[in-house]
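Asks: need a structure here:
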Amino acid sequence: MFGSARHLLKFCLLALIMAVPAFAQTSQSGSPEKNDTQSMEVRRIALVDVDGVLRAADANGRVRELLDQQRKIFQDQFSKVELDLQQTERDLLAKRELVSKDEYEKLVSAFQVRVTNVQKDIQYKRQALDNAYQKALGEIRKLAIEIIKSIAAERQIDLILKRDASVIFLPHLNISDEVLKRLNERTKNARIEVDLKKSAEK
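Replies: Numbers count the residues shown, from 1 in each chain. Now for the predicted structure:
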């Protein structure tokens, strides 16, 4: 399976993790020079499931829990606002025959403006939650990449591929469990915060 590994280009580790899985290709223009062949040799290969590691990471679970708590707070707030809007609408209908047409239209317009503002606020906070999660996940991903680079240096790995870049592989080549273990260890005492206001800014 890995007989053609000596023909692989020795890429930067970070780029390899995100690279398209078309790595093993032989030359079409003849045999390369001996020195060039040596410079392209890859002796040690590993695989990592970055997305799987991020999904399973303890830090990811804690971020989700924080955002779920904030989402519940938002839902409770908007439930109260919704009840208030419903009561205001009923009051408006009751006043329809008691005030002038112009006055009634002003009340209706003010009510519609309030409804529109509430809708915008709901959309804003939903987007803030999503942005906050993506930002936190990005920070966890950066830490995971640092850990992958550390493992590569320790084990003198020349090439790391994404797990889904290979259909058949030897289990010992998969370093995902080790990456997850170290990621959980590095983040177990980390203080995780979610800044919704900053995350929602454009």
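
Asks: Please enumerate the strands of the protein.
Replies: For the chain, applying DSSP state E gives strands covering 45-48, 159-162.

Asks: any low-confidence regions in the protein?
Replies: Residue ranges of the chain with pLDDT under 70: 1-39, 164-169, 192-202.

Asks: Tell me how it divides into domains.
Replies: As recorded under automatic domain parsing, the domains making up the chain are 3-57+148-187, 58-136.

Asks: Return the most buried member of the strands of the chain.
Replies: Mean neighbour count, computed with mean count of other Cβ atoms under 10 Å, is highest for strand 45-48 among those, reaching a mean of 22. The way it works is simple: take the backbone N, C-alpha and C, and place the C-beta from them, glycine included.

Asks: picking that back up, in a markdown table, list the strands of the chain along with distance to residue 117.
Replies: Below are the strands of the chain laid out as a markdown table (distance: least, Cβ to Cβ, whole Å):
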| stretch | distance to residue 117 |
| --- | --- |
| strand 45-48 | 47 |
| strand 159-162 | 45 |
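
Asks: Adding distance to residue 142, write the domains of the chain out as CSV.
Replies: Below are the domains of the chain laid out as CSV (distance: least, Cβ to Cβ, whole Å):
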stretch, distance to residue 142
domain 3-57+148-187, 10
domain 58-136, 11
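
Asks: which helix in the protein runs the most residues?
Replies: With DSSP state H setting the assignment, residue counts place helix 101-155 as the longest helix in the chain.

Asks: Name all residues that make contact with residue 114.
Replies: 85, 88 (Cβ atoms under 8 Å, 6 or more residues apart in numbering).

Asks: I'd like to know how many residues surround residue 78.
Replies: 15 (other Cβ atoms under 10 Å).

Asks: What's the separation between the closest residue to it other than its chain neighbours and residue 67?
Replies: In space, and not counting its chain neighbours, residue 78 is closest to residue 122: 6.1 Å by Cβ to Cβ, 6 or more residues apart in numbering. Between residue 122 and residue 67 the computed distance is 16 Å (Cβ to Cβ, to the nearest Å).

Asks: now do residue 184
Replies: 19 Å.

Asks: who's more crowded, the two?
Replies: Neighbour count, other Cβ under 10 Å: between residue 184 and residue 67, residue 67 has more, with 18 against 14.

Asks: That'll do, ta.
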